[in-house]
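> missing the sequence, but the structure's below:
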């Protein structure tokens, strides 16, 4: 069994739920990127649009304007290790054309436009369960079935395979915190066990289902341990160093 790998979170936004504004300036974002890699991150997942409840929607042009200076600096220094977190095919296209190779399609790949971009560039793709067209639509839902999420993600995997992607370039993310009940969010820590043949990413870090102490390490580490024991291949986290002891042996 291969070791769990870590995506360090880098939000180049003024309004993300945990660190909004902290890394909005390109200079501070680049410093944080180097810090996360120094802590042991295998990849960085960088986004310019907050998807928290109540977040304001911004245009693809504004989103790209936030992240382009960061990618321009980091893609040459850390090739194959930078991921773009986006919902917009046009932003994905610009990132991949710039040399990016990992795409976190946070609203999934149902869009024909996103499928065209993926087919053209053949990146590694993280496909997340995002049940709606807008941020507001997603957070108004309260899905309580892990099987619904499993079936949707497998359908999207089939779409990616039709785009020419091999299974090893497809990572599935159940989308903890996006349109699910609090109980299901907690249960999704063991989602990898539902898909033992798939590469599953768990993004639990600092989310509300962890309770009032969600910004402290203890509940986050306990959640991560549960995910790893259930077979998670990847964890998406705000800080990396405290999690390194959870790595599975090869």
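Ah, there it is. Source: prediction; values computed, not measured. Residues are numbered from 1 along each chain as shown.
> rest of the way, CA atoms for contacts and neighbours
Will do.
> tell me the secondary structure of the closest residue to residue 133 other than its chain neighbours, please.
Spatial nearest neighbour of residue 133, excluding adjacent residues (Cα to Cα, 6 or more residues apart in numbering): residue 107 at 7.8 Å. Using DSSP: H, G, I helix; E, B strand; the rest coil, the structure places residue 107 in coil.
> give me the neighbour count for residue 107.
Counted by other Cα atoms under 10 Å, the residues lying close to residue 107 total 23.
> and the spatially most central residue of the chain, which of the three is it?
Using Cα atoms, centre = their mean, the residue of the chain that lies closest to the mean C-alpha position is residue 104, 5.5 Å off. Of the three states, residue 104 takes strand under three-state DSSP.
> just for this structure, where's the confidence low?
1-2, 15-21, 248-250 (pLDDT under 70).
> state which strand of it is the longest.
Secondary structure of the chain per DSSP state E: the longest strand is strand 5-11.
> how about that one: buried residues?
5-11 (16 or more other Cα atoms under 10 Å).
> also stretch 142-159?
So stretch 142-159, judged by 16+ other Cα under 10 Å, has buried residues 143-144, 146, 149-150, 152-153, 156-157, 159.
> next, count neighbours for residue 77.
So residue 77, with other Cα under 10 Å, has 12 neighbours.
> which two among the buried residues of stretch 142-159 are spaced furthest apart?
Largest separation among the buried residues of stretch 142-159 by Cα to Cα: 144 and 159, giving 24.5 Å.
> quick one: contacts of stretch 238-250?
Residues external to stretch 238-250 that are found in contact with it (Cα atoms under 8 Å, 6 or more residues apart in numbering): 1-6, 8-10, 36, 39-41, 205, 217, 221, 224-225, 228.
> hang on, the earlier thing: so how far is residue 242 from the residue nearest to the centre of the chain?
Applying Cα to Cα, to the nearest Å, the value for residue 104 to residue 242 is 24 Å.
> format the buried residues of strand 5-11 as TSV; extra columns: distance to residue 129.
Below are the buried residues of strand 5-11 laid out as TSV (distance: Cα to Cα, whole Å):
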residue	distance to residue 129
5	20
6	19
7	17
8	20
9	18
10	20
11	20
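> next up, phi/psi of residue 244, please.
phi -60, psi -30 (degrees, to the nearest 10).
> how close does it get to residue 78?
Distance, residue 244 to residue 78, by Cα to Cα: 20 Å.
> and residue 45, by the same measure?
Remark: distance between residue 45 and residue 78 (Cα to Cα) = 12 Å.
> quick check: residue 103 touching residue 83?
Yes. Contact criterion Cα atoms under 8 Å: residue 103 and residue 83 qualify, at 5.4 Å.
> more crowded one of those two?
Legend: neighbour count by other Cα under 10 Å for residue 103 and residue 83, higher for residue 83 (29 against 25).
> ok, now which ones touch the more buried one?
Counted by Cα under 8 Å, 6+ apart, residue 83 has contacts 43-46, 100-104.
> my read is residue 191 is in a helix, agree?
Yes. Secondary structure of residue 191 (three-state DSSP): part of a helix.
> if we can go back for a sec, contacts only, for the residue nearest to residue 133.
Taking Cα under 8 Å, 6+ apart, one finds 86-87, 127-133 in contact with residue 107.
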